[in-house]
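In: 3D, please:
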Amino acid sequence: MSQGLGQGPVTARKSDGLKGTVLVPGDKSFSHRSLMLGGLAAGETRITGLLEGADVIATGRAMQAMGARIRKDGDTWIVNGVGNGALLAPEAPLDFGNADTGCRLIMGLVGVYDFETTFVGDASLSRRPMARVLDPLRQMGVQVKAAAGDRLPATLRGPKTPTPISYRVPVASAQVKSAVLLAGLNAPGITTVIEPVMTRDHTERLLRRFGAELSVETDAEGVRTIRLDGRGRLVGQEIEVPGDPSSAAFPLVAALIVPGSDITIRNVLMNRTRTGLIVTLQEMGADIEILQARLAGGEDVADLRVRHSELKGVTVPAEQAASMIDDYPILAIAAAFAEGETVMSGLDELRVKESDRLAVIATGLKLNGVDCEEGKTSLVLRGRPAGTGLGSASGAVVKTDLDHRIAMSFLVMGLASEHPVAVDDVSMIATSFPGFIELMTGLGAQIA
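Out: Next up is the predicted model:
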C-alpha cells in the first residue's frame, strides 16, 4: 500500500488554520488481534473498520498461511477460522515486513504448535530483539533457532504438549503479555500472566469476547494477575474496530500547534490504557473536547474536537509511559511549541521500537532548531511557542530510519515551524496510516 508519494524527501510548510472533520484508520492493535482470533476461532468473524495498513495485512497473510480463509466484501473483512488448536504448518516462512506486533503475537500463537514455523521480516524488524517473547515460549517447551541476539530470522518448534506457565512480565509490554496468553490458548491447564504495570488490554477483552475462559484480578498495588484456561473453544464474532488513538494523535497535535485550527476527529478509541497522550496534552493546556462518549464493540470511543491552544511544558511521569509509548514522537513535537520545559522520562522502551526512536527523535529535533537533551531513558525540551526559528532554512532532511511515527511527527512539525521541515521517506507510513498525507492536506496542511 502506498502513500502515492513513494520514497524520497517530502516537505511540510507553515500552514493556515486546519479545518474539517476526519475519520482516522482503525486501531492497529485491535486490528491485529481481531484477525488472529478470527482466524483461530470456529465459524465466521466479520470485521468492520479494519486498518488496511501493511502491518495488519502481513498478519492477515500469516493467518491465511496457517489455514484461515480471509476475504473482503465491501467494507467488511470476513474471516473463516480453523478452530482453536487447529492451525496448519505454513509451507513457507511467515514474512512480517515491518510488523513487530504481528510477528511477536503470532510467535506466541503458533510457536507452541508441534511443527516448525519460520519468521522473517525487513531490515528494520530484523534488528529488533525478540528475546522478550522467546524467553517465556522456551519455558513452555518451544525450541528456538534464531539469529544472534534472538533476532530474525527465527524458527520455532513447539513440543508435543506445551507447558502452561506462570509468567511475570519483566517490562511493561502488551506484546509480551499477549504472546504468552495467545500461547496459552493451545496449552492444557491454566496459563498465568502477572503484569506489574497495566498495558493496553485489547487481548484480554477480545479473548473473552471470542469465548475464552479468562479472569483478571488486580491487587491493592495495581498488579494484575491474568489467568487463561487453555484449549477452550473460540467462536467467531462481529467486530467493529474503533479509530486508532495513536493515528489520531497526528492531526490532533497539528491542530493544537497551527494557529486558527478547529477540527473534529470521529470515533476514536478511548480505552484508558491508550489515552495517556490526551491526558498529558490537556495538562499542557490543550483544548480537546470529548464529544459523544459511548461504548462500541465493548470499547470506549468518542469524537474529539481540537482547537489551537497555547501549550505549556510539563513533566511527564515515567509511570505514564505504558499508556502512550507510541505517542512520544508526536508529544515531542507538541512540546517543541510549548512555553517552558517539558521533561519525559521512563523512555527505555523507545530504544527498541522500529528505530532507536529516542535517538532519532532527538536528532531530528536538533536538526530543526529545538533545544533538547537526550538522556539514556529521558528527553528534555525547551519549546518556542510561535515556532520562531524552528524548521530548517537550509533544507536539511530528517532521517526517519524507516520509522513511520518519526516521519509523520516531523511532517506535523513543519506545519507550524517558521521554516519548512523535510523527511527523507514517507513510504513506510503505509504500515499504520494509509492516506495520512491525503487526510492532512484535506484539512489544509501544506505537505508535498
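In: what is the least confident helix or strand in the chain?
Out: strand 7-13 (a mean of 88; mean pLDDT, DSSP states H and E).
In: any weak-confidence spans in the stretch 251-400 of the chain?
Out: Where the stretch 251-400 of the chain drops to pLDDT under 70, the residues are 354.
In: and with 90 instead?
Out: 295-298, 319, 321-323, 348-356 (pLDDT under 90).
In: which parts of it are strands?
Out: Remark: strands assigned in the stretch 251-400 of the chain by DSSP state E, counting those that start in this stretch are 262-269, 287-296, 299-307, 315-316, 341-345, 371-374, 378-382, 397-398.
In: mind putting those into JSON lines with mean neighbour count and distance to Thr48?
Out: For glycine as for every other residue, the C-beta is placed from the backbone atoms N, C-alpha and C. Putting the strands of the stretch 251-400 of the chain into JSON lines (neighbours: other CB atoms under 10 Å; distance: least, CB to CB, whole Å) gives the following:
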{"stretch": "strand 262-269", "mean neighbour count": "21", "distance to Thr48": "11"}
{"stretch": "strand 287-296", "mean neighbour count": "13", "distance to Thr48": "11"}
{"stretch": "strand 299-307", "mean neighbour count": "20", "distance to Thr48": "13"}
{"stretch": "strand 315-316", "mean neighbour count": "20", "distance to Thr48": "35"}
{"stretch": "strand 341-345", "mean neighbour count": "20", "distance to Thr48": "36"}
{"stretch": "strand 371-374", "mean neighbour count": "16", "distance to Thr48": "41"}
{"stretch": "strand 378-382", "mean neighbour count": "20", "distance to Thr48": "38"}
{"stretch": "strand 397-398", "mean neighbour count": "22", "distance to Thr48": "36"}
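In: so which of those strands is nearest Thr203?
Out: With CB to CB as the measure, strand 299-307 is the member of the strands of the stretch 251-400 of the chain nearest Thr203 (12.8 Å).
In: from the contact counts, what lies against that closest one?
Out: On a contact count with 3 or more CB pairs under 8 Å, 6 or more residues apart in numbering; DSSP states H and E, strand 299-307 meets helix 245-257, strand 262-269, strand 287-296.
In: let me have those in CSV, extended by distance to Gly49.
Out: As requested, those are exported to CSV (distance: least, CB to CB, whole Å):
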stretch, distance to Gly49
helix 245-257, 12
strand 262-269, 8
strand 287-296, 9
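In: quick one, which of the ones you listed is nearest to Ile325?
Out: Nearest to Ile325, of the helices and strands packed on strand 299-307 and by CB to CB, is helix 245-257 at 9.3 Å.
In: check which residues of the closest one are buried.
Out: By neighbour count on 16 or more other CB atoms under 10 Å, the buried set for helix 245-257 is 245-257.
In: what domains does the record give for this structure?
Out: As assigned by automatic domain parsing, the chain contains the domains 7-26+242-447, 28-165+172-186.
In: now distance to Gly236 too, for the ones you listed, in CSV please.
Out: Below are those laid out as CSV (distance: least, CB to CB, whole Å):
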stretch, distance to Gly236
domain 7-26+242-447, 14
domain 28-165+172-186, 4
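In: so for Ser215, which of those sits nearest?
Out: domain 28-165+172-186 (11.9 Å).
In: show me how far the closest one is from its chain's centre.
Out: Centroid separation between domain 28-165+172-186 and its chain, computed with CA atoms, centre = their mean, to the nearest Å, is 16 Å.
In: now swap in stretch 335-348 and tell me
Out: 21 Å.
In: related to what we said a few turns ago, ok, the buried residues of helix 245-257 vs Leu182, which is closest?
Out: Scanning the buried residues of helix 245-257 for proximity to Leu182, where the rule is CB to CB, the winner is Ser246, at 21.6 Å.
In: list the contacts for the closest one?
Out: Residues in contact with Ser246 (CB atoms under 8 Å, 6 or more residues apart in numbering) are 28, 274, 277, 326-327, 405, 432.
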